[in-house]
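1. The following block contains a protein sequence and its predicted model.
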Amino acid sequence: MSDRDANKTHSTKPTQDWLGWLLLGVVLLLVIGIRWRTLDAPLERDEGEYAYIASLMLRGVPPYAEAYTMKFPGTPAMYAAAFAMFGESTRGVHLGLLVVNVATMVLMYCLARRWHDGPTSAAAAAVYGLWSLTPGLQGTSAHSEHFAVFFGLAGYAVLAAAVERATYSGVAFAGRVFAGGWLFGVAVLMKQQAAFFVAPALLYLLVEVWRRTESGKPLARALTGTLALALGVFVPFAGLVAALWRWDVLETFWFWAIDYASTYGVGNQTHFRTMLGIAYNQVGKASLLLDALFLLGMASFAWNRESRRGGTLAWCLLAGGSVAVMPGLRFYNHYFLFLLPAASIFAALGLMSLVRLLEAAWTAPFPQMWRAAFLLLVVGGIAWANRLPWFQSSMVGLSRITYGNNPFPEVIEIAKFLRHVSSPGDRLLVFGSEPELYFHAGLPAATKYIYMYPLVERQPYAKQMQAEMIEQVELARPEYCVALYVTPSWVAEAGAPDEIFRWWKNYRHEHYDQIGVADILGRHATHYYLGERWRDYQPQSNVWIGVYRRRDLTPAEPRN
């Protein structure tokens, strides 16, 4: 079979269509049920960052104006849209993720269905939906990768539709490719690393145009497609730059998202090795069954003609996803979501390769029976392996399974206390990297540094960042402060400036009284001593959170 034949759209059969949609529907119901159950899972810090910035945007505050971030503002905009539809809450965040995740699964099915039968396409969508839910990939949290993958897949879907018909006029072809490029450009606004989708997408476009010579003008179409794709990718970024210039925050954006972001993680070999170990132990072992099917699916290209259908798309997805994981050499779990579209297609092909062996030895009572049975068996096996986080644990337990002793549940309780004792107009300083506390408490930040990480990294801007933050806090004189004595909330690097810690010790003693503590004794035990319960309690562990109130703030009792 030629490469061109291998990429032809799979023939449509009624049985394959209804069975494929039925299987997809079953898995969608399962995924929706799991995500619905975990709507109240505590926000982690990236979610808190996006949620806080989104809440500012809904109040007319431009991105980067009151909260510094090295990320593009696409994901906060998606959060803002979710808040507008579902309410400004944790549930609103996770309902937005549910919608995007389900839409991505349907996109996976439709893309795979161009080349494969219904059950194989349903398997690709099912694998994506379940793999993207696993604790190893922190899948119940609304990370930016979920949104970037959705728009990236939509871009590929539009490109596939553009190249499949040689009868399209030059203008129609260019318009469809431009639309695909625009979707890739939007994906970049969700997460900068999605820019690495573009080169493989261009390769896919050129290969498919060159194979489809019916029009007799492959070179002209290739040049037209290249220009249209590049223009489409550029337009969303140009629109962002124009908007930020209009809002007078372009210089701030450029520093944080371009200048500072280019230094992120560079040269820290110790951190690289640590992250690589985490990636292997948590992401690599998220589902050993799916890992095995993924490897089998890649190998099946060597002997199976059906696997080679749509091979150009699958390998381009793998190339783009692999490179998108790499920048900065910081292999955080959720970065690997970029790999899932390709990995899911390969895993589905691996599963169907096994099924074909069974079909050759044992004739099924009705067509496609073994394909449906094996898919449901794999789905059931993955669900059983993840029964504790998906079906049995509390939301606090889910947070512990996914994030260990990170203080995400504790932040919620502290936020409730701050809501009780604070007044409108009060400001909050979170001395640590837990921006979700600003969102939960509903209090504006006393500094634009909602993360402490940049200040304690060994990077050229750290010292000036510390000085600017100190100046902002002293000018704002926040009524309340929350200090996190929790390692993951700082991750201070050796050799980084430490003036910020000396300043905090003196500033706290001069201006603040402690009014509470959350003592994290382990995964299943946290002692809260807040307000009236606070009687000079001394933490029993070295992982705790202190709550402080400005000394010259009166009256001392709750005021709302």
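-> Happy to help now that I have it.
2. Strands of the stretch 51-200 of the chain, start to end?
-> In the stretch 51-200 of the chain, no strands are found when defined by DSSP state E, counting those that start in this stretch.
3. where does it have low pLDDT?
-> 166-168 (pLDDT under 70).
4. What segments of it are helices?
-> Along the stretch 51-200 of the chain, counting by DSSP state H, counting those that start in this stretch, helices occupy 74-86, 90-113, 118-131, 144-163, 170-190, 198-211.
5. so which of the ones you listed gets nearest W370?
-> Among the helices of the stretch 51-200 of the chain, helix 118-131 comes nearest to W370, with 9.1 Å by C-beta to C-beta. Where you see a C-beta, it was placed from the backbone N, CA and C, and this is true even at glycine.
6. name the helices or strands packed onto the closest one?
-> Judged by 3 or more C-beta pairs under 8 Å, 6 or more residues apart in numbering; DSSP states H and E, helix 118-131 is in contact with helix 14-37, helix 90-113, helix 288-299, helix 340-361, helix 369-385.
7. What residues of stretch 326-341 count as buried?
-> 327-341 (16 or more other C-beta atoms under 10 Å).
8. Please identify which of the helices and strands packed on helix 118-131 is closest to I500.
-> Among these, helix 90-113 sits nearest to I500 (C-beta to C-beta), with 29.8 Å.
9. Dump that closest one to PDB, restricted to CA.
-> Output of helix 90-113 as PDB, limited to C-alpha atoms (Å, rounded to 0.1, in the frame of the first residue of the first chain):
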ATOM      1  CA  THR A  90     -14.400  26.600  41.800                       C
ATOM      2  CA  ARG A  91     -17.300  24.800  40.100                       C
ATOM      3  CA  GLY A  92     -17.300  27.400  37.300                       C
ATOM      4  CA  VAL A  93     -13.600  26.700  36.600                       C
ATOM      5  CA  HIS A  94     -14.200  22.900  36.400                       C
ATOM      6  CA  LEU A  95     -17.400  23.100  34.500                       C
ATOM      7  CA  GLY A  96     -15.500  25.100  31.900                       C
ATOM      8  CA  LEU A  97     -12.900  22.300  31.800                       C
ATOM      9  CA  LEU A  98     -15.600  19.700  31.500                       C
ATOM     10  CA  VAL A  99     -17.100  21.400  28.400                       C
ATOM     11  CA  VAL A 100     -13.600  21.800  26.700                       C
ATOM     12  CA  ASN A 101     -12.600  18.200  27.600                       C
ATOM     13  CA  VAL A 102     -15.800  16.700  26.100                       C
ATOM     14  CA  ALA A 103     -15.400  18.900  23.000                       C
ATOM     15  CA  THR A 104     -11.800  17.700  22.600                       C
ATOM     16  CA  MET A 105     -12.900  14.100  22.800                       C
ATOM     17  CA  VAL A 106     -15.500  14.700  20.100                       C
ATOM     18  CA  LEU A 107     -12.800  16.300  18.000                       C
ATOM     19  CA  MET A 108     -10.600  13.300  18.500                       C
ATOM     20  CA  TYR A 109     -13.300  11.000  17.300                       C
ATOM     21  CA  CYS A 110     -14.100  13.100  14.200                       C
ATOM     22  CA  LEU A 111     -10.400  13.400  13.200                       C
ATOM     23  CA  ALA A 112      -9.700   9.700  13.700                       C
ATOM     24  CA  ARG A 113     -12.900   8.800  11.800                       C
END
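10. residue contacts, the closest residue in space to V543 that isn't next to it in sequence?
-> Ranked by C-beta to C-beta, 6 or more residues apart in numbering and with sequence neighbours excluded, the top spatial neighbour of V543 is I520, at 4.4 Å. Residues near I520 by C-beta atoms under 8 Å, 6 or more residues apart in numbering: 405, 407, 410, 486, 526, 541, 543-545.
11. my read is I520 is in a strand, agree?
-> Yes: per DSSP: H, G, I helix; E, B strand; the rest coil, I520 lies within a strand segment.
12. Which members of the buried residues of stretch 326-341 define the maximum pairwise distance?
-> Longest span within these, C-beta to C-beta: L329 and P341, 22.4 Å.
13. Centre of the chain to stretch 99-111, how far?
-> 15 Å (C-alpha atoms, centre = their mean, to the nearest Å).
14. Kindly report the same for stretch 114-132.
-> That offset, for stretch 114-132, works out to 20 Å (C-alpha atoms, centre = their mean).
15. Please shift the residue numbers so they start at 212 in all later answers.
-> Got it, first residue is 212 now, which makes that one stretch 325-343.
16. Could you check it and say which residues are buried?
-> Buried residues in stretch 325-343 (16+ other C-beta under 10 Å): 325-343.
17. now stretch 706-722: mean pLDDT?
-> Stretch 706-722 shows a mean pLDDT of 94.
18. Now do that stretch: everything it contacts.
-> For stretch 706-722, contacts defined as C-beta under 8 Å, 6+ apart pick out 642, 663, 666-670, 673-674, 677-678, 680-681, 684-685, 688, 692, 694, 703, 759, 761-763.
19. and if you look at stretch 559-567?
-> With C-beta under 8 Å, 6+ apart, stretch 559-567 has contacts from 323, 327, 330-332, 334-335, 337-338, 503-511, 515, 517-518, 525, 581-582, 585-586, 589.
20. Kindly recompute the last result at 6 Å.
-> For stretch 559-567, contacts defined as C-beta atoms under 6 Å, 6 or more residues apart in numbering pick out 331, 334-335, 338, 504, 507-508, 511, 515, 518, 581-582, 585.
21. hang on, the earlier thing: out of the contacts of stretch 706-722, which sit inside strands?
-> Here DSSP state E is the test, and the contacts of stretch 706-722 give 642, 692, 694, 759, 761 as lying in strands.
22. Show me the residue sitting in the middle of this protein in space.
-> The chain has H354 as the residue nearest its centroid, 2.4 Å off, counting by C-alpha atoms, centre = their mean.
23. For this structure, which helix extends over the most residues?
-> Longest helix in the chain, counting residues (DSSP state H): helix 429-457.
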